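Undergrad: Here is the input, now give the coordinates:
(chains A and B)
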Amino acid sequence: MWDQVGQTLKESTVRVVSRLAGLLPGTVALLIAVLLAAFLAMVVAFVLRRFLRRIGFDEQLDAWGFTGMSQWSPGNSPSELVTRVVSWSIVLLGFVLGLGAFDATLTSQMAFRLVDYVPNVVTAIVVLVVGVVVARYIARNVLIEAVNMNLQYARLLSLGVKWMVMVMAIAMALDHLQIGSGIVHLAFGILFGGIVFALSLSVALGSKELVSRSLERESDRASAPDTEEPFRHL
Amino acid sequence: MPESAAPEIGEADVVVGLVPPPRDGDALESAIARIVSVSLPMRAVLVHPPYAATASAPPANTEWQIVTSQQVGQNPANTVQTLEDSFRAIADMARKAGARACGLIASDLSVVTPRWIHLLIEPALSQSFDLIAPCYARHPFEGMINRAIVYPLFRALYGKQVRNPMGPDFGISAKLLERATGGSRPRAHPLLSLATEAATSGMKICQSHLGPRAYSPPDWTALSSLLALVLGPLFTDVERYASNWQRARGSQPIPEFGDPLFVSGPETPIDVTRLIDSFRLGARNLREVWGMILPPSTLVELLGLSRRDGGGFSMPDETWARIVYDFALAYRVRTISREQILRSITPIYLGWLASYANGLGSLDSEAVEGRLEKLCLAYEDTKPYFVARWRWPDRFNP
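TA: Numbering: from 1, shown residues only, chains lettered A, B, ... in the order given. Predicted coordinates for the structure are as follows:
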């Protein structure tokens, strides 16, 4: 009996070791692919960083109106953000290529599905970044205009608009990632409607006195004859 | 402009263009009648928008040739041109007609008299001035954007005491016209840049006292748009002519024509509560936006000011001058969107307005002039701060 147990153990060990030995070339290939990708990523990052600095990418981005980007970037530099995104993408690509080297059906399928999913992730990130930038820009615009119109609830209005755009951007990003699309649609509807409803309520009920005072001032000003206004700006 | 338009008009010594803001045919017709009633000892052309019934039928015994801007090549389908389009069309016509001087009237025509034409054209013809800027008779609270920002900033930067650098009524020599409308450098607004162009290129500038100017009722909700409209071209010129104004020191008065007039202001005290409330609202809500434009020390000063009560509310002129300079710099480096920069100055401007009204002890002309002079000197004294920040926007940030 002991001979049989020993034999089984031996066979099992041989099987495991031979399996492991079979995995070794793939593992080495994966390691080499990742290392090569990391090296390539470093070179590309170095070149890209120098190129973006030379063309004044950060300043150009500011000039195009994407001023919020720097606050969301490492080291307050959008160039650094772009460089890191590109270099990590190369590392990820190397990893996926390395997975394919195992030549196993499962890993190959996984690798292909992962590659297929990459565009969705990239699109979702772009949607999210653009959404954040647009939300901040619109919110600032609303805030400035509301203050210039003497609206006491200017900040509330600006915050509401900001979160409406943000919620929309997040919902769109999740939709691209194909994460719980039905739930996301429903949640988006509820959240978006909720924000609008909350804004209406806070303006109509919560800030009733504030708003009525503000509106009274506005109507007093509108009904006052022009002769009472001594200033002429032009 | 079609090539056929110039031969129809022929040669002229003087071209006067009317670019009234509203589409008021009656006011335009009566202004045309008033202007052409004056006999000029030279060949003169009057260009007016096509919405007046008066066409090319000049009264007898006049040297005036009357044409509509439609005839000089502006789009007949679009009778309401922008000020810039109208200026370009009139300037183009004046150049082709070989005019020695061009007058441009862009104010409300109800108060325009033949004397305006004389005062705007004569210095160019007889004394070879290149730019004749207007001086209006105003009460102490009129033309406040000009008093608070445009005039002091222009004077401090370019060194010429031009009271209304942005006109809008001007007398212009053929030389300046050629320079302002030709050349390869595109201008944000050639009419609003006339004074800057003349001051930076060493041309002869004077100003004429035209008398009162009519104003439309104020629209408070549009104040930020108005500020953006005025400050945009002004700050663009500051950027364009940076190499010129950094060399200029102090300011010099310029020759004046006509008699200065003063319109007395309201007799009752001005209530500035609403202005201060607007400033406080801005200080409460726009701290983050102002923080991206103003250096910390100025921001702290503004926040401290917002906590003061109405009677003691006073914004020092030096602070206000530094704020305007900071906004001009932010406009250049585009800290945030340019439109947002220009619009976010509104509450601070209203705060300065309250401070100006509070600080104006008497409303007579001497007191008002003294107050304005003090502000202008504050701008001039603060100019080194602006030059330093302009040269090193990141390093020099007190």
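Undergrad: Next, work out how far apart A:L61 and B:F154 are.
TA: 33 Å (Cβ to Cβ, to the nearest Å). Heads up, the C-betas are built off the backbone N, CA and C, glycines and all.
Undergrad: May I have the predicted confidence score for residue 35?
TA: All of this refers to chain A. pLDDT for A:L35: 93.
Undergrad: Oops, wrong one, chain B.
TA: 81.
Undergrad: That one touches B:V112, doesn't it?
TA: Yes - between B:I35 and B:V112 a contact is recorded at 7.3 Å, counting by Cβ atoms under 8 Å.
Undergrad: show me where pLDDT drops low in chain A?
TA: A:62-73, A:102-108, A:111, A:202-229 (pLDDT under 70).
Undergrad: which helix is the longest one in it?
TA: helix A:2-54 (DSSP state H).
Undergrad: list the contacts for the closest residue to B:I270 other than its chain neighbours?
TA: Among residues not flanking B:I270 along the chain, B:A357 sits closest, at 4.5 Å (Cβ to Cβ, 6 or more residues apart in numbering or on different chains). Taking Cβ atoms under 8 Å, 6 or more residues apart in numbering or on different chains as the criterion, B:A357 is in contact with B:F141, B:I270, B:V272, B:L275.
Undergrad: Name the next helix or strand downstream of the longest helix of chain A, please.
TA: Using DSSP states H and E, the helix or strand that follows helix A:2-54 in sequence is helix A:57-63.
Undergrad: Tell me which helix or strand comes right after that following helix.
TA: helix A:78-100.
Undergrad: Show me which positions of that next one end up buried.
TA: A:78-84, A:87, A:89-100 (16 or more other Cβ atoms under 10 Å in any protein chain shown).
Undergrad: Next: stretch B:333-348.
TA: Neighbour count says stretch B:333-348 has B:333, B:335-338, B:340-348 buried, by 16+ other Cβ under 10 Å.
Undergrad: mind exporting the helix or strand containing the residue nearest to B:I270 as CSV, just the C-alpha atoms?
TA: B:A357 belongs to helix B:346-359 when assigned by DSSP H and E. The C-alpha trace of helix B:346-359 is given here as CSV (Å, rounded to 0.1, in the frame of the first residue of the first chain):
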residue,chain,number,x,y,z
THR,B,346,-17.9,93.5,-12.0
PRO,B,347,-18.4,93.2,-8.2
ILE,B,348,-15.0,94.8,-7.5
TYR,B,349,-15.8,97.6,-9.9
LEU,B,350,-19.1,98.2,-8.1
GLY,B,351,-17.2,98.3,-4.8
TRP,B,352,-14.8,100.9,-6.3
LEU,B,353,-17.9,102.9,-7.5
ALA,B,354,-19.3,102.9,-3.9
SER,B,355,-15.9,104.0,-2.6
TYR,B,356,-15.7,106.8,-5.2
ALA,B,357,-19.2,108.0,-4.4
ASN,B,358,-18.5,107.9,-0.6
GLY,B,359,-15.2,109.7,-1.0
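Undergrad: Please name the residues that touch the spatially closest residue to B:I293 that is not a sequence neighbour.
TA: Excluding its sequence neighbours, the residue lying closest to B:I293 (Cβ to Cβ, 6+ apart) is B:A330, at 4.2 Å. By Cβ under 8 Å, 6+ apart, B:A330 lies in contact with B:M292, B:I293, B:I336, B:I341.
Undergrad: who in the stretch 251-398 of chain B is up against chain A?
TA: Within the stretch 251-398 of chain B, the residues that sit near chain A (Cβ under 8 Å from any Cβ of the partner chain) are B:265-266, B:270, B:274, B:277-278, B:281-282, B:284-286, B:289, B:333-337, B:340, B:343-344, B:346-347, B:353.
Undergrad: Which of these fall within helices?
TA: Per DSSP H, these map to helices at B:274, B:277-278, B:281-282, B:284-285, B:289, B:333, B:340, B:343, B:346-347, B:353.
Undergrad: can I get those residues in CSV with distance to A:A41?
TA: Shown next, in CSV, are these (distance: Cβ to Cβ, whole Å):
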residue, distance to A:A41
B:R274, 60
B:D277, 56
B:S278, 53
B:L281, 50
B:G282, 47
B:R284, 47
B:N285, 44
B:V289, 38
B:V333, 33
B:Q340, 38
B:R343, 43
B:T346, 48
B:P347, 49
B:L353, 57
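Undergrad: which among those gets closest to B:L210?
TA: B:L353 (24.7 Å; Cβ to Cβ).
Undergrad: gap between the closest one and B:Y331?
TA: Counting by Cβ to Cβ - B:L353 and B:Y331 are separated by 21 Å.
Undergrad: Keep the buried residues of helix A:78-100, but drop any that are not near chain B.
TA: Among the buried residues of helix A:78-100, chain B is touched by none when using Cβ under 8 Å from any Cβ.
Undergrad: Which residue ranges make up the domains of chain B?
TA: Split into domains by automatic domain parsing, chain B comes to B:14-257, B:272-391.
Undergrad: Tabulate those domains (a markdown table), appending distance to A:A187.
TA: Output for the domains of chain B, formatted as a markdown table (distance: least, Cβ to Cβ, whole Å):
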| stretch | distance to A:A187 |
| --- | --- |
| domain B:14-257 | 37 |
| domain B:272-391 | 30 |
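Undergrad: circling back: return the members of the contacts of B:A357 classed as buried.
TA: B:F141, B:I270, B:V272, B:L275.
Undergrad: Surely B:P140 touches B:L363?
TA: Yes - using Cβ under 8 Å, B:P140 is in contact with B:L363, at 5.3 Å.
Undergrad: list residues touching both of these two?
TA: With Cβ under 8 Å, 6+ apart as the test, B:P140 and B:L363 both reach B:G265.
Undergrad: B:L353 and B:Y331: which has the busier surroundings?
TA: Between B:L353 and B:Y331, counting by other Cβ atoms under 10 Å in any protein chain shown, B:L353 is the more crowded of the two (24 against 21).
Undergrad: ok now do the more buried one, which residues does it touch?
TA: Taking Cβ under 8 Å, 6+ apart, we find B:L353 in contact with A:F231, B:M144, B:A148, B:V272, B:L275.
Undergrad: Now name the helix or strand holding A:T123.
TA: A:T123 belongs to helix A:105-148, assigned by DSSP H and E.
Undergrad: tell me which strands and helices that helix is in contact with?
TA: Counting contacts by 3 or more Cβ pairs under 8 Å, 6 or more residues apart in numbering or on different chains; DSSP states H and E, helix A:105-148 is packed against helix A:78-100, helix A:154-176, helix B:223-240, helix B:273-285, helix B:287-293, helix B:338-343, helix B:346-359.
Undergrad: More neighbours: which of A:L61 and B:F154?
TA: A count of neighbours by other Cβ under 10 Å puts B:F154 above the other of A:L61 and B:F154, at 28 against 21.
Undergrad: what secondary structure does the more buried one sit in?
TA: What DSSP: H, G, I helix; E, B strand; the rest coil gives for B:F154 is helix.
Undergrad: Same question for B:G17.
TA: Secondary structure, three-state DSSP: B:G17 is strand.
Undergrad: That one reaches B:A97, doesn't it?
TA: No - the criterion here is Cβ under 8 Å, and B:G17 misses it with B:A97 at 11.7 Å.
Undergrad: how about the strands of chain B, start to end?
TA: B:14-18, B:44-48, B:64-68, B:101-105, B:131-137, B:170-173, B:205-212, B:256-257 (DSSP state E).
Undergrad: Tell me which residues touch B:V112, please.
TA: Contacts of B:V112 (Cβ under 8 Å, 6+ apart): B:A31, B:R34, B:I35, B:I105.
Undergrad: Now render these as JSON lines, adding neighbour count and distance to A:Y117.
TA: As requested, those are exported to JSON lines (neighbours: other Cβ atoms under 10 Å in any protein chain shown; distance: Cβ to Cβ, whole Å):
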{"residue": "B:A31", "neighbour count": "26", "distance to A:Y117": "72"}
{"residue": "B:R34", "neighbour count": "16", "distance to A:Y117": "77"}
{"residue": "B:I35", "neighbour count": "25", "distance to A:Y117": "75"}
{"residue": "B:I105", "neighbour count": "25", "distance to A:Y117": "67"}
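Undergrad: hmm, which two among these are most spread apart?
TA: Greatest spacing in these, by Cβ to Cβ: B:R34 and B:I105 (11.3 Å).
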